[in-house]
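>>> this is the structure alone, sequence omitted:
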């Protein structure tokens, strides 16, 4: 029977015979080239596989530290934007302030998802996660501080109870020239 021809059987409608009955030498009969090994993946040298795993663990730890320190760049940029927005209450300063509050909150909610690609038995992620949390909490503190400087936080009893008088404003000025 010719190779690859369909065979009509009694029980099957179609069947293909892939058995090699030809006299042409097959790839099994040809010797491998020098330096080539047909070793299976299970027969890999344990030292090289251990080196690969150690290198991968080192790479994962390095990337985890990069992710952990990334909020610092955001913190500096947000601080500069808040400084540029000024201390008056207007649309731009409120938008920047709420953005400064939203970004750390959303990052704090997704710490597990952020560090999921770096999870490994050989990689200790506790310190990178703590640094990530600390930097995001710093960003949150920066946003709350900006809310306070804008006067949008209720920090006095009269902010909560309408029958109490508001606190007396104390103004200070400095510098300038005295005109007499």
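Sure, I can see it. Keep in mind it's a predicted model, so treat the numbers as computed, not measured.
>>> give me the below-cutoff pLDDT ranges for this structure.
Within the chain, the ranges that satisfy pLDDT under 70 run 1-12, 20-28, 39-45, 172-173, 178, 180.
>>> okay, now residue 84: neighbour count?
For residue 84, the neighbour count with other C-beta atoms under 10 Å is 10. From N, CA and C alone the C-beta is placed, and that goes for glycine too.
>>> got phi/psi on it?
Main-chain torsions, residue 84, degrees, to the nearest 10: phi -70, psi -30.
>>> and if you look at residue 108?
Reported as degrees, to the nearest 10, the phi and psi values for residue 108 are phi -70, psi -30.
>>> what distance do you get for the closest residue to it other than its chain neighbours to residue 166?
Nearest residue to residue 108 in three dimensions, chain neighbours excluded: residue 136, at 5.3 Å (C-beta to C-beta, 6 or more residues apart in numbering). Applying C-beta to C-beta, to the nearest Å, the value for residue 136 to residue 166 is 34 Å.
>>> which of those two has more neighbours?
Between residue 136 and residue 166, counting by other C-beta under 10 Å, residue 136 is the more crowded of the two (21 against 9).
>>> got the buried residues for the helix or strand that contains the more buried one?
Assigned by DSSP states H and E, residue 136 belongs to helix 126-150. By 16 or more other C-beta atoms under 10 Å, the buried positions in helix 126-150 come out as 128-129, 131-133, 135-136, 139-140, 142-143, 146-147, 150.
>>> show me what contacts the residue nearest to the spatial centre of the chain?
Centroid-nearest residue in the chain: residue 114, 3.7 Å away (criterion: C-alpha atoms, centre = their mean). Residues near residue 114 by C-beta atoms under 8 Å, 6 or more residues apart in numbering: 67, 107, 132.
>>> TSV for those, including distance to residue 95?
As requested, the contacts of residue 114 are exported to TSV (distance: C-beta to C-beta, whole Å):
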residue	distance to residue 95
67	27
107	19
132	25
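>>> what is the nearest of these to residue 89?
Proximity of the contacts of residue 114 to residue 89 (C-beta to C-beta) peaks at residue 107, which lies at 26.3 Å.
>>> I'd like to know how many residues surround the closest one.
As a burial measure, residue 107 scores 19 neighbours (other C-beta under 10 Å).
>>> which parts of this structure are helices?
For the chain, applying DSSP state H gives helices covering 46-85, 91-109, 111-114, 126-150.
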